[in-house]
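Trainee: next come a sequence and a model predicted from it.
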Amino acid sequence: MFLKMSHLNKTYPGNKVAVADFNLEVERGEFICFIGTSGSGKTTTMRMINRMLTQTSGEITIDGKDIAQMNPVQLRRRIGYVIQNIGLLPHMTIRDNITLVPRLLKWPEDKRNQRAKEMINLVELPESFLDRYPAELSGGQQQRIGVARALAADQDIILMDEAFSALDPVTRELLQDLVKNLQQESGKTFVFVTHDMDEALKLATRIVVMSHGETIQVATPEEILKHPANDFVEELIGRERLIQAKPSITTVGQVMLKTPVAVTGAEPMSKALKLMHDRRVDTLLVTDKDHRLTGFVDIESFSERYNPKAPIKSVANTKIFYVNENAVIRDTVSRILKYGYKNVPVVDNDQRLVGIVTRAALVDIVYDALFTDEALDNDHTDEQKAGDQQ
Ligand code: ADP
Ligand code: MG
């Protein structure tokens with residue numbers, strides 16, 4: 001067995017039992033998700049794996065060796081760790097941040113720089129970012145660097161503690177895909193803490209459900225969904241699934257309109273204006289010649305700087321909010337409602353425009369999700385009560 005945790009207990013000073021008799025055997029290459037409500041002992045358990053915390057009793061072995069017997073520094077060199085607040089060092093360049101552990105391991109500079117390039121490509125950011133500082137990157141980009149750093153030293157085990165919780169839904173989704181792919185390709189073993197059941201179901205080969213320091217269920221995502229061990233697990237699945245009424249509809253691609261009104265940026269403004277007029281819209285999406293979304297123009301951009309022959313891209317607004325067609329509807333809905341977007345373009349993995357989600361379509365989705373049988377039952381009960389009183 002690759003990683004084995006046997007009868008782990010952790011009691012904090014003051015007799016606070018954080019973890020009680022935790023047992024888990026992990027094969028190499030597994031993606032384990034710990035899920036549970038806040039305070040259930042997920043972080044404590046995870047931190048015992050790299051000896052940031054020492055258990056009160058019980059044993060952890062890697063490849064059959066008791067980690068208590070290993071040099072803690074050596075151990076951490078085998079284990080990468082990513083936390084929610086990323087922990088990039090602000091005064092170091094991205095290159096130096098990524099190669100932090102290889103530097104500790106005294107890799108020669110050539111090899112480190114080579115590694116930094118590989119890693120930044122792996123997490124799909126441009127190499128030019130290597131010379132920048134963390135503050136110059138967005139939260140999502142910084143978290144990608146966090147992932148790159150965790151993988152840079154080629155450690156066998158990667159621990160991630162709520163690493164994506166602070167990110168917006170779209171970025172979170174992208175990073176989940178990225179990490180899942182990296183894990184499948186690299187064969188590394190992941191232990192990933194989350195309180196989001198959607199995330200666990202998407203990433204895990206096995207899910208460990210925890211509550212009050214105890215293990216409630218250890219099973220594959222399929223088993224968890226089909227046979228939740230008890231009410232607690234059911235609730236965890238249920239509470240996290242807002243769109244239960246329509247389980248078949250889960251991604252944006254399933255509800256979007258497939259005919260967004262768009263023009264290519266090289267076309268003249270006169271053409272765009274005519275299109276707006278013909279299609280009765282006040283906003284046009286702008287793409288490049290390969291149909292990749294680059295921005296939008298609205299009627300305001302025209303009234304200020306109208307020049308019939310100038311290309312549309314000269315007035316296009318490139319700050320545009322869009323979602324991936326595979327994004328979970330629930331996240332997109334809340335985002336659209338929160339920010340008051342009228343509609344949101346949808347792109348595929350190559351950034352090509354494939355559709356649009358309108359506010360009107362969202363009303364339908366929310367209506368279907370909320371207007372469940374339960375709501376109907378309640379209405380019915382109210383009616384009866386009213387009748388009884390008469
Ligand atoms: P989770 O990560 O699932 O939210 P934790 O492992 O952080 O849970 O915490 C488990 C329990 O242990 C909680 O009740 C928490 O309050 C308690 N706890 C965590 N760290 C400490 C500490 N340093 N001292 C005392 N109690 C702690
Ligand atoms: Mg925690």
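Mentor: Thanks, I have it. Ligands and ions are numbered 1, 2, ... in the order given.
Trainee: please count neighbours and contacts with C-alpha atoms only from this point.
Mentor: Fine.
Trainee: what is the mean pLDDT for stretch 191-200?
Mentor: Per-region confidence: stretch 191-200 scores 91 on mean pLDDT.
Trainee: what sits up against it?
Mentor: Outside stretch 191-200, the residues within contact range by Cα atoms under 8 Å, 6 or more residues apart in numbering are 31-38, 42-43, 46, 157-163, 165, 176, 207, 221, 236-237, 240-241.
Trainee: rerun at 6 Å
Mentor: Outside of stretch 191-200, the residues within contact range by Cα atoms under 6 Å, 6 or more residues apart in numbering are 32, 33, 34, 35, 36, 159, 160, 161, 162.
Trainee: which parts of stretch 17-25 are buried?
Mentor: Buried residues in stretch 17-25, counted by 16 or more other Cα atoms under 10 Å: 17, 18, 19, 20, 22, 23.
Trainee: okay, and the fourth one sits in which element?
Mentor: Looking back up the chat, that one is residue 20. Assigned by DSSP states H and E, residue 20 belongs to strand 16-26.
Trainee: tell me how many other residues surround the closest residue to residue 3 other than its chain neighbours.
Mentor: Once flanking residues are discounted, residue 3 sits nearest to residue 62: 4.6 Å by Cα to Cα, 6 or more residues apart in numbering. When neighbours are counted by other Cα atoms under 10 Å, residue 62 registers 17.
Trainee: who does residue 62 bridge with?
Mentor: residue 3, residue 65 (DSSP bridges).
Trainee: quick revisit: now the buried residues of stretch 17-25 in CSV, with distance to residue 212?
Mentor: As requested, the buried residues of stretch 17-25 are exported to CSV (distance: Cα to Cα, whole Å):
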residue, distance to residue 212
17, 8
18, 7
19, 8
20, 8
22, 11
23, 15
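Trainee: adding pLDDT and distance to ligand 1, write the residues you listed out as JSON lines.
Mentor: Below are the buried residues of stretch 17-25 laid out as JSON lines (pLDDT from 0 to 100; distance: Cα to the nearest ligand atom, whole Å):
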{"residue": "17", "pLDDT": "95", "distance to ligand 1": "7"}
{"residue": "18", "pLDDT": "97", "distance to ligand 1": "4"}
{"residue": "19", "pLDDT": "98", "distance to ligand 1": "7"}
{"residue": "20", "pLDDT": "96", "distance to ligand 1": "10"}
{"residue": "22", "pLDDT": "97", "distance to ligand 1": "12"}
{"residue": "23", "pLDDT": "97", "distance to ligand 1": "15"}
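Trainee: close to ligand 1: what parts of the chain are there?
Mentor: Taking Cα under 6 Å from any ligand atom, the part of the chain that reaches ligand 1 is made up of 12, 16, 18, 38, 39, 40, 41, 42, 43, 44.
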